[in-house]
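> give me a model of this one.
(chains A and B)
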Protein chains: 2
Amino acid sequence: MSMKFNMFNIPNDELPTKWYNILPDLPEELPKPKNPEGKNAIENLQKMMVKECLSQEFSTQNWIDIPEEILQLYFQAGRPRPLFRAKRLEQKLKTKCRLYYKSEFYSPTGSHKVNTALAQVYYAKKEGYERLTTETGAGQWGTALAYASALAGLKCTIFWVRAVHNWKHERRTLMHLYGADVNASPSNKTVSGKRLYEKDKNHPGSLAIAISEGLEDALNDEKAVYCLGSVLNHVLLHQTIIGLETKKQFELVDDYPDVVISCLGGGSNFGGFVMPFYHDLLKKKKEIKFIAAQSQASPNLQGEYRYDFADHAEMTPLLKMYTLGHKTEMPPIKGDGLRYHGCSPILSLLRSKGLLDTVAYPKDEKYVFERAKMFVGSEGFLPAPESAYSVASAIDTALEHKNEEKVIAFNVSGHGFMDIAGYKEVLSLP
Amino acid sequence: MSMKFNMFNIPNDELPTKWYNILPDLPEELPKPKNPEGKNAIENLQKMMVKECLSQEFSTQNWIDIPEEILQLYFQAGRPRPLFRAKRLEQKLKTKCRLYYKSEFYSPTGSHKVNTALAQVYYAKKEGYERLTTETGAGQWGTALAYASALAGLKCTIFWVRAVHNWKHERRTLMHLYGADVNASPSNKTVSGKRLYEKDKNHPGSLAIAISEGLEDALNDEKAVYCLGSVLNHVLLHQTIIGLETKKQFELVDDYPDVVISCLGGGSNFGGFVMPFYHDLLKKKKEIKFIAAQSQASPNLQGEYRYDFADHAEMTPLLKMYTLGHKTEMPPIKGDGLRYHGCSPILSLLRSKGLLDTVAYPKDEKYVFERAKMFVGSEGFLPAPESAYSVASAIDTALEHKNEEKVIAFNVSGHGFMDIAGYKEVLSLP
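Modelled structure (predicted):
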């Protein structure tokens, strides 16, 4: 394919048919989850989760077949998604860098989250479950699970961090259009939620609290199963479809990134986008720099590398990860999907080995949204608030290396059509 | 490509490189625009419009080259856009029909309108203009022109039907993100607007009024040029990229439609989608039925076929078209892009020859939005309110021919992410 194009895609029949499992390639064995003293959290979690996902969680296979039915669902969700060369943005920045972005915003629900939602719901249905429960922060994951459940004809119950639930009316309606049951969290539907809700009916909530509620709800109904949209290995595994496609698209262009960037909350879009590139780094085939863009509201990669709970109510096993502490209160931001206290164990291990850089942007989000506006004006696509962090970091990197021919790849993990009120507020638009 | 896929796309280098001009193929010569008695409307309009567009308006060439720069912009806007087979919807409807839909919703601004916006702005810039003026109804066209102007680095002034401007906050902010100057119409910025605005500051406006304002604004500034997003021949011409792609995609699937459906307001998405198929009908290669889905709020195809103004203030030439009368007041609906008194001359001529069927749905939009919800639940994509009419008509047709293997192609001209409040209201969602 000629370089005259600014947009590159692979044909349908070249859609990757296996996910990439990084576990066997890691520089050392991934620290295993642990039970907190006196608790059977691991065994309890196993009861609440989809069995196939659990088996993928610790798989030693390097490549895992994507079932034909899930491939069909990926087509249905518009995969493969194009890779764009940001030529207009390069010109505006007067940089010699070549910028490429992956268009995960071309998603039916607006983000990359469908990639794992479709897989998890498929396996859940196969295992006989009738209802899915989950938490959501920004709302992207909840929408994705509602979507995947609708396509499969299953029920879906969502616990949504109240601080976000209350201002994202449109996204809430969309979940209802998919037929989901949507609850502001902490809710009075679960014991763990009720405890906080009764103290403060306007409790802003957090991802960690919502996780506790989703887990508890699944535990009390044997027809229900709990799904998680980030952090865990199998979630990142499903998301590798992003990076695997991107690598094939770079082959078409006959180019290869020096720097790979995305935003990072729990780590699912970041992991899915970058892990196939880590493969080349770990196999010593390439030198690549990885940058995770975060908010100063929750810069978990600048926390401590230690065992911690994934949730607020301490129902999950302990995971070894970079964490700010699972009880830490984090101020609400528009890029709420980044507001989580810990980073996924896989990416945390890579960070601990010095293989992952990070940048954290100010909480008021002005800087980040201004960068995003620059992207909107030159490339025409409106990034989700979370993805705006990826855009900002890519622009900063392109400016930093203005006179070098660096190749920068970044992921635009979602669109912002349902988050425009956030742009309006932060940028004080009329 | 195997039928196992539900999604079909052509490779980048097979993107059509010529637009299809139906004028030479029409069953008789298209009635020419006329000057109203004692006015030089045609000559005045010519002064306000992009010259290349005017020359395309009456071209006798069957195929018109798409300049390389516009092809680049089409890639930038994510073309070619996939064609989906709606297998899940077919199953839900228990129909033997095969349903295919074109994904114009995969657009940076949310609709097909970018296809002509990018072309018009490209030609305007080439001709030395620095500012574009226009009207918008649903807001899809205004957003598209704001987008195309941003990419070209030109200014953009939008007159937006007040009834819609006032409830579509998000879309308004998006136009601002693209740097456009946005005015509720009737405004006090123009003489024709002021006349109405001063009588009633809450005047809901109409497309015809907004057109008058856009024209007047361009007339008073020699650096400005007026662009129209529908009705005219050159607009429909640019939109044929939709149908031309779709035909190539049908070749890949080795299938061909018996019925071709879309919604119709002024006629741009309808014309662009269907005209390449009319080519086969007019050349006696195929038997095809065409259905235009409309609202009972503005069923212009059920009006009279006669000369009428395209605008409210009688500044345009007279066009021969199916019309409800240019002074007719039409009640606001969520699918506001369908709320226009006349149908484009090309499609009107085809209608007058018995080659175009139409259906008009009730004003309360419940029926249409329920159909759209069915589509959302099975296919996962959220149609724009206007596109919901296309979806409803496709579903009705599939049910009507339940036991026949009819092939139905319909266009989903835009997404509804910025119109979710409308869904919520009409369907009384929580």
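> report the longest helix in chain A, please.
If you go by DSSP state H, chain A has its longest helix at helix A:233-253.
> is that one in proximity to chain B?
No - using C-beta under 8 Å from any C-beta of the partner chain, we find that helix A:233-253 stays clear of chain B, coming within 9.4 Å at best. For every residue, glycine as well, the C-beta is placed using N, CA and C.
> give the next helix or strand downstream of that helix.
Reading on from helix A:233-253 to the C-terminus, the next helix or strand found by DSSP states H and E is strand A:259-263.
> residues of the stretch 1-150 of chain A that sit close to chain B?
Checking the stretch 1-150 of chain A against chain B by C-beta under 8 Å from any C-beta, the hits are A:1-2, A:4-9, A:11-13, A:72, A:75-78, A:82, A:84, A:88, A:103, A:106, A:108-110, A:147, A:150.
> below-threshold pLDDT in the stretch 151-300 of chain A: ranges please.
Counting by pLDDT under 70, the stretch 151-300 of chain A shows no low-confidence range.
> mind listing the helices for it?
Listed in chain order, the helices of the stretch 151-300 of chain A (DSSP state H, counting those that start in this stretch) span A:162-165, A:169-177, A:191-199, A:207-219, A:233-253, A:268-282.
> buried deepest among these, which one?
helix A:207-219 (a mean of 27; mean count of other C-beta atoms under 10 Å in any protein chain shown).
> so which residue of the stretch 151-300 of chain A comes closest to chain B?
Among all residues of the stretch 151-300 of chain A, A:Glu170 sits closest to chain B, at 3.9 Å; criterion: C-beta to the nearest C-beta.
> tell me the contacts of the residue lying closest to that residue once chain neighbours are set aside?
Of all residues not flanking A:Glu170 in the chain, B:Ile420 sits nearest, at 3.9 Å (C-beta to C-beta, 6 or more residues apart in numbering or on different chains). By C-beta atoms under 8 Å, 6 or more residues apart in numbering or on different chains, the contact set of B:Ile420 is A:169-171, A:173-174, A:177, A:418, B:382.
> in terms of helix, strand or coil, where does A:Lys402 fall?
What DSSP: H, G, I helix; E, B strand; the rest coil gives for A:Lys402 is coil.
> these two touch, right, it and A:Asp396?
No - assessed by C-beta atoms under 8 Å, A:Lys402 is found out of contact with A:Asp396, at 11.0 Å.
> can you pick out the residue with more neighbours from those two?
Neighbours were tallied for A:Lys402 and for A:Asp396 using other C-beta atoms under 10 Å in any protein chain shown; the higher tally belongs to A:Asp396 (18 against 12).
> how many neighbours does A:Asp181 have?
17.
> for the closest residue to it other than its chain neighbours, list each beta-bridge partner.
Nearest residue to A:Asp181, sequence neighbours excluded (C-beta to C-beta, 6+ apart): A:Thr157, at 4.6 Å. Taking DSSP bridges as the rule, A:Thr157 bridges to A:Thr133, A:Asp181.
> now do the contacts for A:Thr157.
Counted by C-beta under 8 Å, 6+ apart, A:Thr157 has contacts A:131-134, A:180-181, A:183, A:214, A:217, A:224.
> ditto for A:Glu57
By C-beta under 8 Å, 6+ apart, the residues touching A:Glu57 are A:232-234.
> please repeat the previous calculation with a cut-off of 10 Å.
A:23, A:33, A:46, A:49, A:232-235, A:237 (C-beta atoms under 10 Å, 6 or more residues apart in numbering or on different chains).
> out of the contacts of B:Ile420, which one sits closest to B:Glu425?
Within those, proximity to B:Glu425 (C-beta to C-beta) peaks at A:Thr173, which comes in at 9.5 Å.
> the closest one contacts B:Phe369, correct?
No - A:Thr173 is beyond contact range of B:Phe369, at 11.7 Å (criterion: C-beta atoms under 10 Å).
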